[in-house]
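Enquirer: predicted model and sequence follow; I will ask about them next.
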Amino acid sequence: MQTMLDDSLQSEVKRALLQSQTRRHFLRSLGGGLGTVFMGALATRFAQPAMAAGAETAALDFSRDPSTPLAPLPPQFPAKVRRVIYLHMAGAPSQLELFEYKPELKRLDGQDCPESFLAGKRFAFISGVPKLLGSQYPFHQAGESGHWISDRMPHIEQHLDDICFIKSMHTDQFNHAPAQLLVHTGNPRLGYPSFGSWVVYGLGTENQNLPGFIVLLSGGKNPDGGKQLWSSGFLPSVYQGVQCRSHGEPVLYLDNPPGVSRPLRRSMLDAIDQIDQQTYTAFGNPETVTRIAQYEMAFRMQLDASDAMDIHKEPDSVQAQYGAKPGEASFANNCLVARRLAERGVRFIQLYHWGWDSHGADAKEALNLGFNDRCREVDQPTAALLADLKSRGMLEDTLVVWGGEFGRTPMRENRGGQVMKYVGRDHNPGAFTIWLAGGGVKPGFAHGQTDEMGYEIVKDPVEIRDLHATMLYLLGFDHHRLNYRFQGLEQKLTSVKPARVVAEVLA
Amino acid sequence: MAQSLNPHSPRNIFTLLTLFAALLLPFLLIFLPPDGAQRAAWLQFIGRFHTLALHLPIAFILLVPVFELAGRHPRFSYLRSTAPLVLALAVAGAVIAAILGWCLARSGGFSGPLVSQHMWGATVFVWLAWLCWVARENAGRIRTAYPFALAAAVAAVTFTGYRGGQISFGEDHLTEFLPGLFASGNGAPDPDARDLNTFYGARIQPIFSDHCLSCHSAAKRKGGLQLTGFAALMRGGKHGAVVKAGDVRASELLRRTSLPRSDDDFMPKGKPSLSADQIKMIALWIEAGASGTAPLDSIKGASAIPAASNRVEINFPDADPAEVARNRSAISTAVARLRQQFPNLVDYDSRQSADLVINASLMGDKFGDNQLAAMAPIAAYVTSGDFSRTAITDKSAAVIGSMHRLRELRLMHTHAGDGMIQAMAALDQLESLSLFDTRVTPGALQNLAALPHLKHVYVGQTGIPAAARIPDSLKGKVQF
């Protein structure tokens, strides 16, 4: 029995060693080796010391004591932003009903869509020649900055001068799940770490009694991308987002069951830790350390998490400002929780809202019906969150991001070539609008421009990876340097295509 | 002096040789001027030694008046006998440096007024230095010219050296970092200043700035062409105008940039060609009359072309770890000790700096005046402090006041009162102060009025009502 175990262990180790020697390793050492030979020849020939060929910049060290994997680390550069509150509008809200004022489209409302809009394009549902669809809601200019905004977001409108729009976002995914994955992980496929995981990996978190990356859903439908959107991918799983329940207890089974006291819980954990430690010494799997750290965090969270998530503790006036109703699952409650978490040093707070997929296939997702409800659910709490952060000075070092995964077409959706009962728009990956507010970004500013129909970008396109690079810059990182070695590659959030920090939006 | 009558004395041979060189120089400058064209590598090789040689004549010629004047004192009279040797070295050095300088300039990449002034200055200096040498050795009337010639030589070398510095380090290399106190705010308007509201300034000049200035700058002017602005562009190069308004085909600039890269005339030489969009943009501008003042939106069809990259690119400078360690050396032990005592409370602002960030807010009321007092050894390095929800009181005012590099201070939900604010008079770096939910009163604002960098003061839920009178210097900065 013992030898069998040894054998299987040995073959395991052998396989692991083989796997760690990848094609990339081989090619790299091959190149380096040839380079060395060449430099050696040069050195003897000219009798002068050879320069170290291709001296790489030293990799940043993100290693930590295994018992405190979330320990804070300073950023690479002085950062403008210490935490992020990301408000993701799953389903892709229509920019043409909210922030993109297109009078020409309004003028051409109901006319046939020009051929040039359709040539070579793929749509989720549009077929044949659809009709152009002007904005369903009136626009006006507001704030000192004078940006155009529709009448659907009257509360956010009060903060127009704090907001920095990017109206030229571009993505290459036109279905929800891959597009959401791209927005959250920099990659449309499964298995990559989310933005929040990268940030917590790079910066850790100041409050060791709460997770560094907390996810809150507003009830309703889960985002199509699923829990992958806050997964840690190939990063150690201790960096994954911790989804807290928006309804009822925020974290299940956090309270001790009847008859179990805190000291009893402690001694139980000590025993489990000991066993886990032995396992770790024997096998060296970092996931064991993650397990230990998470048990310990859960123990500490017993005291802190309930307090942080409990919006009963906010005065009624504040609850009213957010439109929060304790006890239900809502975006409003989550915005208030987000502020409380931000105050408690949580690094990355990810909120999801749902139901923005305004195809017009039914009343819930019609631009003239369900869309209104979505706006109402989001508008007031988002504005209250901005106001709270601003009044406390926290908007200076918090980055608030609001946006979906792609945009919507200027054409009315005609599913099956028919005129539909409700009004809606199809997916448009070619152009969409997001906004940023807070530390390091220009307030009251709009970057990028789309054509007169809001269909394609004509000026300053911003790829998702550019947005990621910009956010990492604000957090104090060169996006090339926040990396993790996996499968022989220095993996990074912005992946392998060139990404650019959008300097134009930086304050 | 009998010696000087002997035509074969080394002294006379030196005099004649240097005279020949001094007379040769103007011929070189007039008939073989540097014109920006590239020439043989050996010329470049020799020329590069100019920057090495040039410091010697400067130092020698400056030593001569020192020796002459100091030598007047009996204690240093021996210095005067050394002066001729130093002077001879200065003459020889000046001749060598000048010839090397011509080699460098002629080898390519240099032309323009700065370069000619530098070269003529050097020539005059060689003549003056030679004159000093002859006058110093002459017993007759010419001897009286010596002090004047020497003064003139020093002046010439100063002028020449300054122009040389401008060529190498930029026209404002001496005044670039002149403290604001002395800088005169309003110089003459720059004829090449860029106006972003004009089509030229916003769409055309950025193309030149990105792709052409490494050769066609004010200092280099290859082919006599300078592309630093509209006026310079329209002056053209040594073969005449490069832009003909309204005529794309007759515009040399467009012809050369549209050539294939392999063509001898291709521009920008040795670099990637301009993009099709950029060439189209220039063509549209020339067709529309090549105006320097036409407004940004005046040219039809141009808005369809993506804007030229007048974009700022973010660079990521790498700090030298040794330097970071050096900057941190004064506090690193204190920081390590405090981090032991208060986990996750103190950290460096970034991996590259010695600035410190304190966040005590997570300790809540376990952090009070005594704990804050423990921060005293690092106080001078703290640039950001968050003491929200802690138990600190006005007793900590002195410690907060000693953190004189603080840029950001948060005292939300604390018992901080006006006493704390009074201690902030020395925090002249402070940019942001959050007093949300504290006990401060309207009187405290007066104490903050003089802080020069203060941009934001947050006074929500304090004793300061929204109707409070706000000192003029804080108007627009107070957030309720």
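Expert: Arrived safely.
Enquirer: could you report the neighbour count for residue A:228?
Expert: As a burial measure, residue A:228 scores 18 neighbours (other Cβ atoms under 10 Å in any protein chain shown). In short, each C-beta sits where N, CA and C put it, glycine included.
Enquirer: so the residue lying closest to it once chain neighbours are set aside, which state does it fall into?
Expert: Counting by Cβ to Cβ, 6 or more residues apart in numbering or on different chains, residue A:228 lies nearest to residue A:190, which is 5.5 Å off, once chain neighbours are set aside. Residue A:190 carries the three-state label coil when classified by DSSP: H, G, I helix; E, B strand; the rest coil.
Enquirer: pretty sure residue A:190 sits against residue A:182.
Expert: No. Using Cβ atoms under 8 Å, residue A:190 is not in contact with residue A:182, being 11.7 Å away.
Enquirer: the two: who's more crowded?
Expert: Legend: neighbour count by other Cβ under 10 Å for residue A:190 and residue A:182, higher for residue A:182 (25 against 14).
Enquirer: the spatially closest residue to the more buried one that is not a sequence neighbour: what's it in contact with?
Expert: Nearest residue to residue A:182, sequence neighbours excluded (Cβ to Cβ, 6+ apart): residue A:188, at 4.6 Å. The contact partners of residue A:188, taken as Cβ atoms under 8 Å, 6 or more residues apart in numbering or on different chains, are A:172-173, A:178-179, A:181-182.
Enquirer: tell me where the model's unsure across the stretch 201-350 of chain B.
Expert: Filtered on pLDDT under 70, the stretch 201-350 of chain B yields the residue ranges B:219, B:306-311.
Enquirer: residue numbers of it in contact with chain A?
Expert: B:303-304, B:306-307, B:311-314, B:316, B:318, B:321, B:343-344, B:347-350 (Cβ under 8 Å from any Cβ of the partner chain).
Enquirer: if any of those residues are buried, put those into a ChimeraX selection.
Expert: Buried members of these, defined by 16 or more other Cβ atoms under 10 Å in any protein chain shown, are picked up in ChimeraX with:
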select /B:307,344,347,348,349,350
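Enquirer: which of the residues of the stretch 201-350 of chain B next to chain A fall within helices?
Expert: Using DSSP state H, the subset of these located in helices is residue B:321.
Enquirer: what's the helix or strand for residue B:388?
Expert: Assigned by DSSP states H and E, residue B:388 belongs to no helix or strand.
Enquirer: what about it, distance to chain A?
Expert: With the distance defined as Cβ to the nearest Cβ, to the nearest Å, residue B:388 ends up 8 Å from chain A.
Enquirer: how about the residues of the stretch 1-150 of chain B near chain A?
Expert: Counting by Cβ under 8 Å from any Cβ, no residue of the stretch 1-150 of chain B is near chain A.
Enquirer: hey, where'd the helices end up in the stretch 1-150 of chain B?
Expert: Secondary structure of the stretch 1-150 of chain B, counting by DSSP state H, counting those that start in this stretch: helices at B:10-31, B:41-47, B:50-53, B:55-71, B:78-106, B:113-137, B:146-169.
Enquirer: can I get those in TSV with mean pLDDT?
Expert: As requested, the helices of the stretch 1-150 of chain B are exported to TSV (pLDDT from 0 to 100):
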stretch	mean pLDDT
helix B:10-31	87
helix B:41-47	81
helix B:50-53	88
helix B:55-71	91
helix B:78-106	89
helix B:113-137	89
helix B:146-169	89
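Enquirer: mean neighbour count added to those helices, as a markdown table?
Expert: Listed next are these as a markdown table, based on neighbours: other Cβ atoms under 10 Å in any protein chain shown:
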| stretch | mean neighbour count |
| --- | --- |
| helix B:10-31 | 15 |
| helix B:41-47 | 15 |
| helix B:50-53 | 15 |
| helix B:55-71 | 18 |
| helix B:78-106 | 20 |
| helix B:113-137 | 22 |
| helix B:146-169 | 18 |
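Enquirer: including distance to residue A:435, could the ones you listed go into JSON lines?
Expert: Putting the helices of the stretch 1-150 of chain B into JSON lines (distance: least, Cβ to Cβ, whole Å) gives the following:
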{"stretch": "helix B:10-31", "distance to residue A:435": "62"}
{"stretch": "helix B:41-47", "distance to residue A:435": "55"}
{"stretch": "helix B:50-53", "distance to residue A:435": "53"}
{"stretch": "helix B:55-71", "distance to residue A:435": "58"}
{"stretch": "helix B:78-106", "distance to residue A:435": "55"}
{"stretch": "helix B:113-137", "distance to residue A:435": "49"}
{"stretch": "helix B:146-169", "distance to residue A:435": "44"}
